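Enquirer: structure of the sequence below:
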Amino acid sequence: MRRFLQIPTRSLTRRLFSQSICQASSGLYKPLNPRTSEIRLLKTPPNASSEFELVTVSLDDEPKYAALSYLWGDPEKYGQVTIKGNTVKIPDNLASAFLCVLSDDSFRSQSHVRYLWADAICINQNDLDERSQQVQLMRRIFQRAHVTFAWVGPKDYSLAFETIKTIKKDIYENTPKENAPYKTNFDLEWLRRHPMLCIDRGPDLPNNHLNDPWSAVADFLQHQYWQRVWIFQEIVLANQLVFISPGEANLSWSMLRDTPQSVISVANDKKPEFLPDAA
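Expert: Okay, here's the model as predicted:
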């Protein structure tokens, strides 16, 4: 796969980046019909010996595809993708996201979804009229996508994802039903299996110091991705939202959404006696 999707380490100026897309535009981007809500999708190759392909479809025909939500990042850093013999330079973040999506179980397990939508490639960035028309379709694009992958790289957030999954799963399984008697030691017994959620790295650290799992979660929730204006629309409209980063772990939006409420549900309960310095 890396043969047709490469991420060079050197930088490129914004001018050269724009030129590279412009040079490929004539061969790749045929006019879209706004009357039939046409968009382009990137057809993923079945194997490493094949190339990517851009295909034109109508949203009215309900095509099956996955959408990519990501930050463009530094315009001077780029990757490249080969589409039907055309080498197109794309944002470095997008190139990394492609590699991650193509190896993600959520994508590979859905054999009927072989098409991806990403604005930097599927929209002709040098055609202002097309860009304006496609922006008008953005709501439908994310709404119709079978799954939306949210790229939060380049850092590996596997620890954050696994910590969130652990908290959500164990608290949900051990929290009593509404209005049921609450027995703190019994309900928080699951913490015995996850001591790193309860301790600091050392006895001399301040009380507000976060250990590695909690630090990873905090770092993930402070990612620049959350500062992006469009993220709110993409989250709300997504049928299925999956966060991905380098590494094998991923995280569904439903898992992330439910975890804070799970933590709040036990936040004010008495500290279990089996934990150090229990009150």
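
Enquirer: phi and psi next, for residue 83.
Expert: Torsion angles at residue 83 (phi, psi; degrees, to the nearest 10) stand at phi -120, psi 110.

Enquirer: I'd say it and residue 42 touch.
Expert: Yes - Residue 83 lies in contact with residue 42 (C-beta atoms under 8 Å); the separation is 7.5 Å. From N, CA and C alone the C-beta is placed, and that goes for glycine too.

Enquirer: shared neighbours, those two?
Expert: Residues touching both residue 83 and residue 42 (C-beta atoms under 8 Å, 6 or more residues apart in numbering): 52-54, 121.

Enquirer: wait, a strand at residue 71?
Expert: No - counting by DSSP: H, G, I helix; E, B strand; the rest coil, residue 71 is not part of a strand but coil.

Enquirer: what about it, distance to residue 37?
Expert: For residue 71, the distance to residue 37 equals 26 Å [C-beta to C-beta, to the nearest Å].

Enquirer: I'd like the shared contacts of residue 83 and residue 42 laid out as a markdown table, including distance to residue 27.
Expert: What follows is the shared contacts of residue 83 and residue 42, written out as a markdown table (distance: C-beta to C-beta, whole Å):
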| residue | distance to residue 27 |
| --- | --- |
| 52 | 13 |
| 53 | 12 |
| 54 | 10 |
| 121 | 14 |
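
Enquirer: restricted to helices, list these.
Expert: Cross-referencing the shared contacts of residue 83 and residue 42 against helices under DSSP state H gives residue 121.

Enquirer: which among the shared contacts of residue 83 and residue 42 count as buried?
Expert: Neighbour counting with 16 or more other C-beta atoms under 10 Å marks 52, 54, 121 as buried within the shared contacts of residue 83 and residue 42.

Enquirer: surely the last one is in contact with residue 42?
Expert: Yes - the pair residue 121 / residue 42 is scored as a contact, 5.8 Å apart, by C-beta under 8 Å.

Enquirer: what sits in contact with each of those two?
Expert: 54, 83.

Enquirer: how close does residue 250 sit to residue 217?
Expert: The spacing between residue 250 and residue 217, counted by C-beta to C-beta, is 15 Å.

Enquirer: repeat for residue 82
Expert: Counting by C-beta to C-beta, the gap between residue 82 and residue 217 amounts to 38 Å.
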